[in-house]
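Asks: Mind looking at a prediction? Sequence and model below.
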Amino acid sequence: MIEASPPDHSLHALYRDHRGWLENWLRRRMGNAWDAADLSQDTFLRVLGSSQSIVDMREPRAYLLTIGKRLMSNFYTRRSLEKAYLDALASLPEECMPSPEQRWILLETLQALDELLDGLAPPVRRVFLLSQLEGLGYREIGERLDVSERTVKRYMAQAYEHCLLLEL
């Protein structure tokens with residue numbers, strides 16, 4: 001009796017067996033082959049950097065799909081943020097227009113902030129932004145959002161904890 005050889009559970013085999021499928025799935029949802037190819041590659045880079053063992057992976061397509069969906073969501077969030085930024089730039093007078101280098105740095109900073117705050121619950125994010133961007137005090141924030149000052153303090157503590165944990 002001939003024994004079947006064990007399955008090849010390497011990243012190479014995962015890529016070989018599923019890249020085309022994942023890229024096609026992304027292309028159908030995004031309507032753009034170039035972006036789908038980029039996100040497919042990014043998905044495999046995430047797998048490479050993850051702690052998930054490829055050997056123990058029972059449902060590789062489900063795992064790849066989960067990562068691909070998250071990356072696609074991030075892609076559209078980033079694109080929406082970039083559009084809002086470019087719209088805001090378009091309304092500036094020419095003499096206030098930042099240089100291309102400054103625009104790039106600002107956009108990268110906005111994306112990093114968006115990613116940083118992404119893990120916060122919406123009310124916590126709102127309180128944090130009112131405090132940090134508008135410079136409002138806790139009492140003012142509480143009045144504006146119709147919550148107690150104690151709730152504002154609790155939300156700010158959660159936001160700071162979130163930011164500090166991401167720094168570690």
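Replies: Right, received. Where do you want to start? Everything quoted here is computed from the prediction, not taken from an experiment.
Asks: Buried by neighbour count: which residues of stretch 13-28 qualify?
Replies: 14-15, 18-19, 22-23, 25-27 (16 or more other CB atoms under 10 Å). Backbone N, C-alpha and C define where each C-beta goes, glycine included.
Asks: For residue 121, give me phi and psi.
Replies: Note on residue 121: its backbone torsions stand at phi -60, psi 150 [degrees, to the nearest 10].
Asks: Let me know the pLDDT of it.
Replies: Note for residue 121: predicted pLDDT of 88.
Asks: host element of the residue nearest to it when sequence neighbours are not counted?
Replies: Nearest non-adjacent residue to residue 121, counting by CB to CB, 6 or more residues apart in numbering: residue 158, 7.8 Å away. For residue 158, the host element (DSSP states H and E) is helix 149-167.
Asks: Could you list every helix and strand in contact with that helix?
Replies: helix 122-133, helix 138-145 (3 or more CB pairs under 8 Å, 6 or more residues apart in numbering; DSSP states H and E).
Asks: quick one: which of the buried residues of stretch 13-28 is nearest to residue 162?
Replies: If you rank those by distance to residue 162 using CB to CB, residue 26 comes first, at 29.8 Å.
Asks: Check the gap between the residue nearest to the closest one when sequence neighbours are not counted and residue 54 for me.
Replies: Once flanking residues are discounted, residue 26 sits nearest to residue 36: 3.8 Å by CB to CB, 6+ apart. In this view, residue 36 and residue 54 are 23 Å apart by CB to CB, to the nearest Å.
Asks: Excluding sequence neighbours, find me the nearest residue to residue 118.
Replies: residue 77 (8.0 Å).
Asks: Can you tell me the element the one you found falls in?
Replies: Using DSSP H and E, residue 77 falls in helix 60-90.
Asks: Could you give me the buried positions within whatever helix or strand comes next after that helix?
Replies: Note on helix 60-90: by DSSP H and E, the next helix or strand toward the C-terminus is helix 100-117. Neighbour counts over helix 100-117 (16+ other CB under 10 Å) mark 107, 111, 117 as buried.
Asks: go on, stretch 152-160?
Replies: For stretch 152-160, by 16+ other CB under 10 Å, it's 152, 155-156, 158-159.
Asks: How about the contacts made by residue 25?
Replies: 65, 68 (CB atoms under 8 Å, 6 or more residues apart in numbering).
Asks: Report the angle between the helix or strand containing it and helix 60-90.
Replies: If you go by DSSP H and E, residue 25 is part of helix 11-30. For helix 11-30 against helix 60-90, the angle by axes from the mean of the first three to the mean of the last three CA atoms, to 10 degrees is 50 degrees.
Asks: Can you name every helix or strand that whichever helix or strand comes after helix 11-30 contacts?
Replies: For helix 11-30, the succeeding helix or strand toward the C-terminus, using DSSP H and E, is helix 33-49. Applying 3+ CB pairs under 8 Å, 6+ apart, we find helix 33-49 packed against helix 11-30, helix 60-90.
Asks: Good, we can wrap up now.
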